[in-house]
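Give me coordinates for this.
(2 chains, ligands or ions: 4)
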2 protein chains.
Amino acid sequence: MSKKIVIVGGVAGGATAAARLRRMNEEDEIVVLEKGEYISFANCGLPYYIGGVITNRDALLVQTVEGMSKKFNLDIRNLSEATSIDREKKTITVTKVETGETYEESYDYAILSPGARPIVPPFEGLEEAENVFTLRNIPDTDQIKAWVDERKPHHAVVIGGGFIGLEMAENLAERGIHVQLVELSDQVMAPVDREMAGYLHEELQNNGVELILQDGVDAFLDRGKKVKLNSGKELVSDMTIMSIGVRPESELAKDAGLTLGERGGIVVDEHLKTSDASIYALGDAVEVKDYIQNTPTMVPLAWPANRQGRLVADHIHGKNVSYNGTLGTAVAKIFDLTVASTGNNEKTLRRLGVNYEAVHVHPASNATYYPGGAAIALKLLFDPETGQIFGAQAVGRKGVEKRIDVIATAIKGKLTVEDLPDLELSYAPPYSSAKDPVNVAGYAALNIIEGEAEIVHHHEIDDIVREGGTLIDVREPEEFESGNIVGAINIPLGALRNRLEDLPKNKPIHVHCQVGLRGYLATRILKNNGFRAINLSGGYKTYSTATK
Amino acid sequence: MSKKIVIVGGVAGGATAAARLRRMNEEDEIVVLEKGEYISFANCGLPYYIGGVITNRDALLVQTVEGMSKKFNLDIRNLSEATSIDREKKTITVTKVETGETYEESYDYAILSPGARPIVPPFEGLEEAENVFTLRNIPDTDQIKAWVDERKPHHAVVIGGGFIGLEMAENLAERGIHVQLVELSDQVMAPVDREMAGYLHEELQNNGVELILQDGVDAFLDRGKKVKLNSGKELVSDMTIMSIGVRPESELAKDAGLTLGERGGIVVDEHLKTSDASIYALGDAVEVKDYIQNTPTMVPLAWPANRQGRLVADHIHGKNVSYNGTLGTAVAKIFDLTVASTGNNEKTLRRLGVNYEAVHVHPASNATYYPGGAAIALKLLFDPETGQIFGAQAVGRKGVEKRIDVIATAIKGKLTVEDLPDLELSYAPPYSSAKDPVNVAGYAALNIIEGEAEIVHHHEIDDIVREGGTLIDVREPEEFESGNIVGAINIPLGALRNRLEDLPKNKPIHVHCQVGLRGYLATRILKNNGFRAINLSGGYKTYSTATK
Ligand SMILES: Cc1cc2nc3c(=O)[nH]c(=O)nc-3n(C[C@H](O)[C@H](O)[C@H](O)COP(=O)(O)OP(=O)(O)OC[C@H]3O[C@@H](n4cnc5c(N)ncnc54)[C@H](O)[C@@H]3O)c2cc1C
Ligand SMILES: Cc1cc2nc3c(=O)[nH]c(=O)nc-3n(C[C@H](O)[C@H](O)[C@H](O)COP(=O)(O)OP(=O)(O)OC[C@H]3O[C@@H](n4cnc5c(N)ncnc54)[C@H](O)[C@@H]3O)c2cc1C
Ligand SMILES: CC(C)(COP(=O)(O)OP(=O)(O)OC[C@H]1O[C@@H](n2cnc3c(N)ncnc32)[C@H](O)[C@@H]1OP(=O)(O)O)[C@@H](O)C(=O)NCCC(=O)NCCS
Ligand SMILES: CC(C)(COP(=O)(O)OP(=O)(O)OC[C@H]1O[C@@H](n2cnc3c(N)ncnc32)[C@H](O)[C@@H]1OP(=O)(O)O)[C@@H](O)C(=O)NCCC(=O)NCCS
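Ligands and ions are numbered 1, 2, ... in the order given. Prediction:
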């Protein structure tokens, strides 16, 4: 018996569900309601079109209403907003956006993939401002692009250092605009930890983006031409992008009495069913489980929306499938840098009170003797008891997302840090080293678990030295001269075996080098000579970046 | 109690074992015997130094005898060949290469990492030839480079299309030399299957390398200035590289009575112990287990040598570690292409009589609307009953090795094709798509396992059509015109629903498109309309490349 399925939202999750539904069945009536003009567009490409990296606007329209309707034999209705659901009658009220006309559409199953909208607090002066934009869809993009093309702004303010804010900062800067990026917290790119964000801060500044951290908008003055910050600072703005996050578009679900989570996400079970068995929900609008901790969370990214869209279609067609939670694997390009992460970060683990350990390593993306190799700052978070991998973060110029994808896969395979050295990854000089960076991170973590290595972290070492701890910098004198940690004594690694008598046996000796490798070698020499030796994880590089 | 450990071979496996042994213990006496002048050099970088991509010769010397001796407090003896082992006395006879002097060195443990040497059959005329080279170490490299720099050869012949042969062909071509590559089999790069090698053949030819397949050396004429092939063809050669494979350097082990495998590799247990409990062996010289099939195999690559070197050191120090077999994950750069693979290929599975299925997909490396995206030809081999992943191969211009590394990790995590769609991989337009190519390969495979899709392969379709089968090409007319499969009928996907009455219901309908995606969509339409529909896996692209 054929079914009638009504989908609310025609972009990532909705369009994917529609396509798979049709592939599963030719007879079902499939209606797609999209309140906007466009369906199935490339949300993620929008900043790059504004920046001129993508030049063809049509390329953003992955499918058109007409093309997709025909290809998948769908009843796609754009400019059609689902304004209420009568769950008892199993009907949805549709309002035609252009005319305000309404009608009822019945369903056997409804699928909600309404996404999330940019958060816009009611700042003073916002209503009068003409030059404040948010970016979600094609019309937003057209507006921003027209403003840039026609008004030729000199100064742009981007509010919020999440990935959309960062991409907009980059793309506006690439168009020659002076960008000031305002971020309430002490770092951009919340998915990574503070010391990893240091690399991003540096890259942004090196590319002319002015960073204003730990500050936020207080008000818009002069029709938006001035942005007043909480600190009292006033920024001149020819255009302002508001990108401080998104909020699930869950009013429809809420009004229909479906259960919402604390932060407003639609609550779904493992089959992506809402509290009404005939209504599924997915994508940015839903609350998901954190894959590692099983706690509720919201991850507004395209992979989950696409994955869930297909799962919903399959579940409707009787397949026993479920969604197992979201790792939050993510990547962004920040000028020449790539930043990527998967799983839990240290902030989350600390907040949840989880017992964790972290290692920082800085291996090269590929053989250092082959041109183009560049260091990857790689942070691995794990359970020091069981070796369970909690998450990883990486920043660098090459091969960054590969290592995060490998670790994301390892997590899904329930591999522990003990297995990471055993990952047999492809090697030739243009691509990696005989020990891949992921292997190296695994070795470093395993040494801790096995008690072969002891470490302290960048945020602990100053206190240790201040309280009288011994810290040896095992780098070469030139390296020491060019910047060092207050209180460190310079004994190059090569000289260490001859200087053992000079070192105190009755207290731990802290050691560091530039990236952690020589420091580790030093701790091995010391340990095997009867000292307790502790290495600064990630070395001077992590230490010095943490405050950038 | 301190031990004395003698290591034979001072490069990848040997040097790694030595370094880890010292990290484990400061007291042990560690002797490294290396018959060559250099230790710890970058074998894998040698072709690129000849090609001028790596310009600094010193960069190839990862460690020097002096530097490494000091750094790790090792007794490293270069130009010192281990010429025999007295297992009863536990001594090794060392011959000084320069003088022929010999002496005995005792050991508690011996570690053999002698590697493998290039195979050089006793071809007629080889002894008289002055311009025939093999490439294994620094002196070989110096010789070849000097020949290129000084003699300025115009014509080079490379014998053997394995990865060293391919890298040499590329690097010589990059230096402006006309290269003819001779390969006995019908394809280069044996780890991938024939249809995947087609992309490489094309790339080589597009870059001026002349391919001579299914032919081999018969003799060298005129002091090597002519290379006569089995076919009778004679090639003019100013220089010839012999790269037809390597053979384990296991004579020392054999003479000492250690067990060797059928193909001459030293047999070791899971702890890398030889048949003598005091002697370990590793690297290119040993026989390993195929990770997937558990059959004996030999994989002369740097990752296994490095991994095993560390494991041997750990096992000597009482850690309960073992080596779990080799997947053979590999990658090579062929001009602008990358080719990578992991696990078993189809040739192997067929030879072993394993029940397998293969899918070919061609997803883009990253969002097609973002500049620089390029198709990846991705082949996935799996068990159609259990979903076990046997192996994968990929060729393309971008992001190729990332997907193979992800699949290699999935295999180590015992994930099945059913899990591949669930891999949450990082996505932003410069890096991937919302469905990563690995997800897509997983979907395609899963559809087969679940009976949602039926496929035939590039090598089957001609016979099917010849025997009267129906084949529909669902591409657009322009695509059809520009090259098609004999006997195919062109019905574009968009017109298919309207043409159903024209199709026979009583026999299977074969379908193909350019890469497999539209063909799959067509089969879904047909299947859901009561036809039996079978898609050509990988579409016209795989079909047409298979004969290139
Ligand atoms: C600028 C930008 C860049 C991004 N970059 C990335 C990236 O690089 N990587 C990544 O993983 N993710 C990225 N994302 C996020 C990604 O696009 C989203 O996670 C994904 O699109 C969510 O899919 P969805 O189906 O839940 O919502 P959407 O794709 O937003 O689709 C929801 C649709 O539903 C419609 N709708 C809402 N309510 C109704 C209603 N009542 N009636 C009818 N229609 C309704 C909306 O108009 C909207 O078109 C980016 C997003 C933006 C805005
Ligand atoms: C040109 C080239 C390119 C390569 N490219 C790649 C690549 O891109 N990726 C990859 O994974 N692998 C590559 N490899 C393979 C990789 O280098 C080897 O797998 C790895 O070096 C094997 O390590 P091993 O310790 O077993 O042997 P080796 O590194 O070869 O070391 C063995 C050493 O033992 C010495 N020795 C032998 N017998 C004796 C004896 N009796 N006494 C004293 N010394 C002895 C030899 O002189 C030799 O120096 C390449 C190899 C070559 C030659
Ligand atoms: C365009 C859109 C509707 C596509 O949905 P889709 O049809 O599910 O996705 P694809 O075109 O990638 O096709 C995937 C299907 O083809 C199959 N496939 C892909 N390549 C194949 C091949 N070579 N051989 C066989 N099958 C193949 C897959 O198995 C899958 O089918 P299945 O789900 O039935 O298993 C949807 O992704 C969309 O709207 N995207 C734009 C919005 C968006 O995602 N925004 C966020 C990111 S910018
Ligand atoms: C140079 C060579 C001797 C290095 O051996 P190595 O010391 O084991 O390797 P590395 O320098 O990568 O150091 C790795 C060690 O540092 C540790 N390490 C690396 N980065 C670290 C960091 N940031 N913090 C803490 N520890 C770190 C690793 O855990 C590992 O130690 P472990 O094995 O005790 O766990 C060996 O690899 C070699 O000879 N290479 C050249 C030959 C070759 O491999 N050829 C084939 C490829 S071209």
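
give me the low-pLDDT residue ranges for the stretch 151-300 of chain A?
Scanning the stretch 151-300 of chain A for pLDDT under 70 picks out no residues.

who in chain A is up against ligand 2?
Taking CB under 6 Å from any ligand atom as the contact definition, chain A meets ligand 2 at A:427-428. Yep, even glycine has a C-beta here, placed from its N, CA and C like the rest.

what does chain A put close to ligand 4?
Applying CB under 6 Å from any ligand atom, we find that chain A lies next to ligand 4 at A:361-362, A:434-435, A:440, A:443-444, A:447, A:515-517, A:520.

Identify those among those that sit within helices.
Among these, the members found in helices (DSSP state H) are A:440, A:443-444, A:447, A:517, A:520.

quick check, nearest of those residues to ligand 1?
The nearest member of those to ligand 1, counting by CB to the nearest ligand atom, is residue A:440 at 27.6 Å.

So which residue is smack in the middle of chain A?
Computing the C-alpha centroid of chain A and ranking residues by CA atoms, centre = their mean puts residue A:330 first, at 4.2 Å.

wait, that residue sits on residue A:300?
No. Using CB atoms under 8 Å, residue A:330 is not in contact with residue A:300, being 10.3 Å away.

Compute the number of surrounding residues for the closest residue to residue A:345 other than its chain neighbours.
Excluding the flanking residues, the one nearest residue A:345 by CB to CB, 6 or more residues apart in numbering or on different chains is residue A:193, at 5.2 Å. Burial of residue A:193 is recorded as 24 neighbouring residues (other CB atoms under 10 Å in any protein chain shown).

And residue A:193, how far from ligand 4?
Distance check for residue A:193 against ligand 4: by CB to the nearest ligand atom, to the nearest Å, it reads 17 Å.

could you list every residue that touches that residue?
Contacts here follow CB atoms under 8 Å, 6 or more residues apart in numbering or on different chains; on that basis residue A:193 touches A:187, A:345-347, A:379, A:393.

mind showing which ranges of the stretch 351-500 of chain A have poor pLDDT?
For the stretch 351-500 of chain A, no stretch has pLDDT under 70.

In it, mark out all the strands, start to finish.
According to DSSP state E, counting those that start in this stretch, the stretch 351-500 of chain A carries its strands in the segments A:357-361, A:376-382, A:389-396, A:455-456, A:470-473, A:489-490.

Compute the inter-axis angle for the first one and strand A:376-382.
Translated: strand A:357-361. Angle between the axes of strand A:357-361 and strand A:376-382 is 160 degrees (criterion: axes from the mean of the first three to the mean of the last three CA atoms, to 10 degrees).

Against which helices or strands is strand A:357-361 packed?
strand A:376-382, helix A:437-449 (3 or more CB pairs under 8 Å, 6 or more residues apart in numbering or on different chains; DSSP states H and E).

Which positions in that strand come out as buried?
A:357-361 (16 or more other CB atoms under 10 Å in any protein chain shown).

And the pLDDT at the residue nearest to the centre of chain A?
For residue A:330, the model assigns a pLDDT of 98.

bridging residues for it?
Residue A:330 has these beta-bridge partners by DSSP bridges: residue A:341.

show me what contacts it?
Per CB under 8 Å, 6+ apart, neighbours of residue A:330: A:163, A:191, A:301, A:340-342, B:426-428.

most surrounded residue in those residues?
Using other CB under 10 Å as the neighbour criterion, residue A:342 leads these with 33 neighbours.

isn't that one right up against residue A:326?
No. Judged on CB under 8 Å, residue A:342 makes no contact with residue A:326 at a distance of 10.4 Å.

Between the two, which contacts overlap?
Counting by CB under 8 Å, 6+ apart, the shared contacts of residue A:342 and residue A:326 are residue B:424.

Point me to the helix or strand that includes residue A:310.
Assessed by DSSP states H and E, residue A:310 sits inside helix A:302-316.

can you check residue A:196 too?
For residue A:196, the host element (DSSP H and E) is helix A:194-206.

Check residue A:21 too.
Counting by DSSP H and E, residue A:21 is part of helix A:12-24.

got the CA coordinates for that helix in PDB?
The C-alpha atoms that make up helix A:12-24 are tabulated as PDB, following Å, rounded to 0.1, in the frame of the first residue of the first chain:
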ATOM      1  CA  ALA A  12      20.300  18.900   3.300                       C
ATOM      2  CA  GLY A  13      18.200  16.500   5.400                       C
ATOM      3  CA  GLY A  14      14.900  16.900   3.700                       C
ATOM      4  CA  ALA A  15      16.200  16.500   0.100                       C
ATOM      5  CA  THR A  16      18.200  13.500   1.100                       C
ATOM      6  CA  ALA A  17      15.300  11.800   2.700                       C
ATOM      7  CA  ALA A  18      13.100  12.600  -0.300                       C
ATOM      8  CA  ALA A  19      15.600  11.100  -2.700                       C
ATOM      9  CA  ARG A  20      16.100   7.900  -0.800                       C
ATOM     10  CA  LEU A  21      12.300   7.600  -0.200                       C
ATOM     11  CA  ARG A  22      11.800   7.600  -3.900                       C
ATOM     12  CA  ARG A  23      14.600   5.100  -4.500                       C
ATOM     13  CA  MET A  24      12.900   2.800  -2.000                       C
END
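
Can you report how many residues lie near whichever residue of the stretch 251-400 of chain A sits closest to ligand 2?
Nearest residue of the stretch 251-400 of chain A to ligand 2, counting by CB to the nearest ligand atom: residue A:367, 8.7 Å away. Residue A:367 has 25 neighbours, counted by other CB under 10 Å.

Might you report the residue contacts of whatever residue of chain A ends up closest to chain B?
Residue of chain A nearest chain B, by CB to the nearest CB: residue A:413 (1.7 Å). Contacts for residue A:413 were tallied using CB under 8 Å, 6+ apart; they are B:409-410, B:412-415, B:419.

at 6 Å what do you get?
B:413, B:415 (CB atoms under 6 Å, 6 or more residues apart in numbering or on different chains).

tell me what the helix or strand that residue A:46 is a member of is packed against?
With secondary structure defined by DSSP H and E, residue A:46 is part of helix A:46-50. Packing partners of helix A:46-50 (3 or more CB pairs under 6 Å, 6 or more residues apart in numbering or on different chains; DSSP states H and E): helix A:138-146, helix A:163-174.

pLDDT of it, averaged?
Per-residue pLDDT over helix A:46-50 has a mean of 97.
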